[in-house]
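Asks: coords please:
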Amino acid sequence: MRVPVLVVIFLVFGVVGGIWWGNTRHMDFMTPPTEQRLDEIRKNVETQLAGMERVEIPLAPEPIAAVAEEPLPVIPPEPIKPPVELGDLKAPLTLQTYGERTPQGSEAMIELAKALEANDEFPRALLAWERVLDLTKPTPDQAPVAVNGIKRIRPTLPDWNRETKSAIEVQLQVSAGKNLTKALPAILTAVVKEMEKASSGIVKIKTITTKITATNKNASSVTISMKGFAKKSSTIEPIISTATPENLRQELLKLGFQLISKQLREHTAYTPIPALADGEDPRDALTYRVTRLCWSEFATGLNLPPKKKD
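Replies: The predicted structure follows:
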């Protein structure tokens, strides 16, 4: 059986109103409490608070004054480098090309080589890279950059001198012990070809082989020296080492590199060539660290008559 809505509403209001009336009909909401009553209320509150634990409420921290941020330093923009002056790109090339720029230093020469390479002027770029090595004084960090530039370009270009008749002739004299006699001819032929190729065809090498001298009876020793073909040409003091048939080729190339670098260091004003590093291929050193200009000066110097003694 459903209860009518009006009955429900009447009952709700009746219950709420009855409870309110029963609890508040004796209360006086209009008359303010007397001082005696207020005093009783205060005492009751103090009695209740006395039995409670006091909790200290921390004061709010004082606001921290904002620190004025220092302005970031103004970094001036890097100055724009002026374009590298490439010079007359139609001028004929010589082994001394760009030598007149060496007073500017190795860094400027490196920038020139990079600019020439970027403009696809590879023959000129190779000459500029070579000038870094032979006519400037590159730092230990700059020299490998120049060598890498030469390695990058040199194999892509033809030999500087492709006419055998115009090559500068020098003579390579080799003395070897009996343990190396059989292996020497074939290896020496290969070594000469590698050295001529390393010079870019500038130098023509002829060989003379002899038996080991009486003063050096080591059967595994090898001695090499070089001289020119001109009348009364200069002779390089021999360099001696020990070798086995297995490493004879490397040893001959190493001795050849030592002869050339020694001659250039003692008789020219070119930048000294650093010694071979451990494990470095002497063929690569002859090709990429002895510039074509130095090869030419080396062979030309051998064919000059020796200076007269005072």
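Asks: what are the bridge partners for the nearest residue to Phe229 once chain neighbours are set aside, then?
Replies: Nearest residue to Phe229 in three dimensions, chain neighbours excluded: Glu169, at 4.6 Å (C-beta to C-beta, 6 or more residues apart in numbering). Placement of C-beta: from N, CA and C, glycine included. Note on Glu169: beta-bridge partners Lys204, judged by DSSP bridges.
Asks: so Glu169 sits right up against Lys204, yeah?
Replies: Yes - using C-beta atoms under 8 Å, Glu169 is in contact with Lys204, at 4.7 Å.
Asks: who has more neighbours out of those two?
Replies: A direct count of neighbours by other C-beta atoms under 10 Å for Glu169 and Lys204 places Lys204 higher, at 19 against 16.
Asks: OK, contacts around that one?
Replies: Applying C-beta atoms under 8 Å, 6 or more residues apart in numbering, we find Lys204 in contact with Thr164, Ala167, Ile168, Glu169, Val170, Glu196.
Asks: nearest to Thr34, of the residues you listed?
Replies: Glu196 (130.3 Å; C-beta to C-beta).
Asks: show me what contacts that closest one?
Replies: Glu196 makes contact with Ala167, Val203, Lys204, Ile205 under the criterion C-beta under 8 Å, 6+ apart.
Asks: hmm, 7 Å instead?
Replies: Val203, Lys204, Ile205 (C-beta atoms under 7 Å, 6 or more residues apart in numbering).
Asks: before we move on, the earlier item: which pair of the contacts of Lys204 spans the longest distance?
Replies: Largest separation among the contacts of Lys204 by C-beta to C-beta: Thr164 and Val170, giving 13.8 Å.
Asks: more neighbours: these two, which one.
Replies: Val170 (23 against 10).
Asks: returning to what we had before: contact partners for the residue nearest to Phe229?
Replies: Contacts of Glu169 by C-beta under 7 Å, 6+ apart are Lys204, Lys206, Phe229.
Asks: if we go to 10 Å?
Replies: Val203, Lys204, Ile205, Lys206, Gly228, Phe229, Ala230, Ser233, Ala299, Leu302, Asn303 (C-beta atoms under 10 Å, 6 or more residues apart in numbering).
Asks: now intersect those residues with the helices, please.
Replies: Those of the contacts of Glu169 mapping onto helices are Ala299, Leu302, per DSSP state H.
Asks: what's the ChimeraX line that selects buried ones from the contacts of Glu169?
Replies: With 16 or more other C-beta atoms under 10 Å as the burial test, the buried ones among those are selected in ChimeraX as follows:
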select :203,204,205,228,233,299,302,303
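Asks: skip the chain neighbours and tell me the closest residue to Ile236.
Replies: Sequence neighbours aside, Met226 is the residue nearest to Ile236 in space, at 4.8 Å (criterion: C-beta to C-beta, 6+ apart).
Asks: that neighbour belongs to a helix?
Replies: No - applying DSSP: H, G, I helix; E, B strand; the rest coil, one finds Met226 to be strand, outside a helix.
Asks: for the residue nearest to Phe229, give me the pLDDT.
Replies: On pLDDT, Glu169 comes in at 96.
Asks: in JSON lines, list the contacts of Lys204 along with distance to Asn218.
Replies: Below are the contacts of Lys204 laid out as JSON lines (distance: C-beta to C-beta, whole Å):
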{"residue": "Thr164", "distance to Asn218": "36"}
{"residue": "Ala167", "distance to Asn218": "34"}
{"residue": "Ile168", "distance to Asn218": "33"}
{"residue": "Glu169", "distance to Asn218": "31"}
{"residue": "Val170", "distance to Asn218": "26"}
{"residue": "Glu196", "distance to Asn218": "29"}
